[in-house]
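*Asks:* What would the 3D arrangement of this be:
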Amino acid sequence: MARLSETEITARLETLSGWTRRGEEIVKTYKLPTFPAAIAFVVQVGFLAEAAGHHPDVDIRYNKVTLALTTHDAGGLTEKDFQLAAAADEAMG
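*Replies:* Residues are numbered from 1 along each chain as shown. You can find the predicted model right below:
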């Protein structure tokens, strides 16, 4: 998958709530009500990521889950990153 241009990245970020750019990745921290809810969310994202063949970096800190997305084999952000970001947001309801 081809890397997105700066214009495409900016446009796609505007369609997502709470996602920010950090270098060559997009990042969002979700706050869940409890630690078990955070783990359940990570499992749900794990299944979404596996189905998409695209795997985020995941950081869990009690009830906060941070996802960082980039397409390593493309050397930056691609449509895959934004598709998985939207799917993760949808999983939160």
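*Asks:* pretty sure residue 79 is touching residue 3, no?
*Replies:* No. Contact criterion C-beta atoms under 8 Å: residue 79 and residue 3 do not qualify, at 9.7 Å. The C-beta positions use only the backbone N, C-alpha and C, and glycine is treated the same way.
*Asks:* how many other residues sit next to residue 79?
*Replies:* If you count neighbours by other C-beta atoms under 10 Å, residue 79 ends up with 15.
*Asks:* Could you find the closest non-adjacent residue to it?
*Replies:* Spatial nearest neighbour of residue 79, excluding adjacent residues (C-beta to C-beta, 6 or more residues apart in numbering): residue 1 at 6.2 Å.
*Asks:* residue contacts, that neighbour?
*Replies:* 71, 74, 78-80 (C-beta atoms under 8 Å, 6 or more residues apart in numbering).
*Asks:* Let's see the PyMOL selection covering just the buried ones among those.
*Replies:* Selection of buried members from the contacts of residue 1 for PyMOL, criterion 16 or more other C-beta atoms under 10 Å:
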select buried, resi 71+74+78+80
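*Asks:* Out of the contacts of residue 1, list just those in helices.
*Replies:* Using DSSP state H, the members of these that fall within helices are 79-80.
*Asks:* can you redo the contacts of residue 1 as JSON lines with pLDDT and distance to residue 28?
*Replies:* Converted to JSON lines, the contacts of residue 1 look like this (pLDDT from 0 to 100; distance: C-beta to C-beta, whole Å):
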{"residue": "71", "pLDDT": "96", "distance to residue 28": "16"}
{"residue": "74", "pLDDT": "92", "distance to residue 28": "20"}
{"residue": "78", "pLDDT": "97", "distance to residue 28": "17"}
{"residue": "79", "pLDDT": "96", "distance to residue 28": "17"}
{"residue": "80", "pLDDT": "96", "distance to residue 28": "16"}
